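**Q** Turn this into a structure:
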Amino acid sequence: MTVSFTQNPPEWTGPLSVDQLKKPPLNTWFKPLESPKELEGDWRSKDFSALRVVLVLGTWCDDSHRYVPEILHFLEPLPGFAGPEIFAVGRDKTCPFCPEGIRPERIPLVVVYFKNQELGRMVEQPEVSVKDFFEKILNRL
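**A** Next comes the predicted model:
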């Protein structure tokens, strides 16, 4: 699948990598976090190789701009984690390239699986914080 880009308005669709998000023109999202937080708990001693995270975002979406850098900030240091599966959708939010069962109606959408079992979803924005969302899930493992 290729990533398509339309100039006006800026809108990527298709699978993306973390590296693509951190290169122009999308890298403007990744300003240093105001007060970077770290996850609490004993997650450092765990193996997250069986963790799967699907992230659906809109390059045109303010909530994606706001939350995706923080989401990646918490995922990157997880021992054994291969990285999230990232998919960009257009304003119509259709996602023919998304995994089965992923139908974004609001974005960003984060779906967390462990050993192929869904553990949680963050839809559009976290209930409390991104940190709280991941701590609740990761500290249960």
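**Q** so Glu70 touches Val130, yeah?
**A** Yes. Assessed by C-beta atoms under 8 Å, Glu70 is found in contact with Val130 at 4.5 Å. C-betas here are computed from N, CA, C, even on glycine.
**Q** Helices of the protein, residue ranges please.
**A** Using DSSP state H, the helices of the chain run over 18-21, 62-75, 130-138.
**Q** For beta bridges, what are the partners of Leu52?
**A** You called it Leu, but residue 52 is Arg. Arg52 has these beta-bridge partners by DSSP bridges: Tyr113.
**Q** Now do it against Gly101, distance only.
**A** 12 Å (C-beta to C-beta, to the nearest Å).
**Q** So between those two, which is more surrounded?
**A** Of the pair Arg52 and Gly101, Arg52 is the one with more neighbours under other C-beta atoms under 10 Å, namely 19 against 8.
**Q** Surely the more buried one is in contact with Glu85?
**A** Yes. With contact defined as C-beta under 8 Å, Arg52 reaches Glu85; the gap is 7.1 Å.
**Q** which residues touch the residue nearest the centre of the chain?
**A** For the chain, the residue sitting closest to the mean C-alpha position, by C-alpha atoms, centre = their mean, is Leu55 at 3.6 Å. Listed by C-beta atoms under 8 Å, 6 or more residues apart in numbering, the contact partners of Leu55 are Val68, Ile71, Pro84, Glu85, Ile86, Phe87, Pro108, Leu109, Val110.
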